[in-house]
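*Asks:* Dropping a prediction and its sequence here:
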Amino acid sequence: CLATLIIMLVGDTYTLINYVSFINYLCYGVTIIGLIVLRWKKPKIFRPIKVNLLIPITYLAFWAFLLIFSLYSEPIVCGVGLIIILTGVPVFFLGVYWRNKPKCVNRLIESMTCWGQKLCFVVYPQCGSVEEE
């Protein structure tokens, strides 16, 4: 979010739309790849909707063409889009991967989560430590 806000303040909206569209297409393709991998490695799990594998494979073929064409025609925009995605890696390591965080870090994360829930009306805020319950 911070990188996007900085780009919005510094750059123009058209460039930001290009960054975000590249990121979206990249995430869609990775999601479809995950669907195919799960269908192959775990064929017995419950799926509410099951489609013929020809559909996601066809989608991936078009996706690869569009992604390669985007990388060829606008490599700087695609590179900045990848950098925007990579800004989430430190957040992942600090928030998810790091298991034995100090209590002050856990309290900070919980208060930021509660504040974000209240701000966006996403989930009914349940402020308070999980450890207390």
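*Replies:* Right, received. Where do you want to start?

*Asks:* C-alpha from now on. contacts and neighbour counts both.
*Replies:* OK.

*Asks:* buried set for stretch 28-45?
*Replies:* For stretch 28-45, burial by neighbour count (16 or more other C-alpha atoms under 10 Å) applies to Gly29, Ile32.

*Asks:* if I look at the most centrally placed residue in the chain, how far off is Val105?
*Replies:* Geometric centre of the chain, nearest residue: Cys27, 7.0 Å, by C-alpha atoms, centre = their mean. According to C-alpha to C-alpha, to the nearest Å, Cys27 stands 30 Å off from Val105.

*Asks:* What of Ser111?
*Replies:* Ser111 is 10 Å from Val105, by C-alpha to C-alpha.

*Asks:* Output the longest helix belonging to the protein.
*Replies:* Longest helix in the chain by number of residues, with DSSP state H as the criterion: helix 13-41.

*Asks:* what packs against it?
*Replies:* Judged by 3 or more C-alpha pairs under 8 Å, 6 or more residues apart in numbering; DSSP states H and E, the packing partners of helix 13-41 are helix 2-10, helix 54-73, helix 75-86.

*Asks:* try it again with 6 Å
*Replies:* On a contact count with 3 or more C-alpha pairs under 6 Å, 6 or more residues apart in numbering; DSSP states H and E, helix 13-41 meets no helix or strand.

*Asks:* roughly how far is that helix from the heart of the chain?
*Replies:* 9 Å (C-alpha atoms, centre = their mean, to the nearest Å).

*Asks:* Over to stretch 80-90?
*Replies:* 10 Å.

*Asks:* same check, this time on stretch 110-120
*Replies:* Centroid displacement of stretch 110-120 relative to its chain, using C-alpha atoms, centre = their mean, is 19 Å.

*Asks:* how about it: buried residues?
*Replies:* Buried-residue list, stretch 110-120, by 16+ other C-alpha under 10 Å: Glu110, Cys114, Gln117.

*Asks:* Nearest to Ile45, out of the residues you listed: which one, please.
*Replies:* Using C-alpha to C-alpha, the shortest approach to Ile45 within these belongs to Gln117, at 32.3 Å.

*Asks:* Understood, closing this out.
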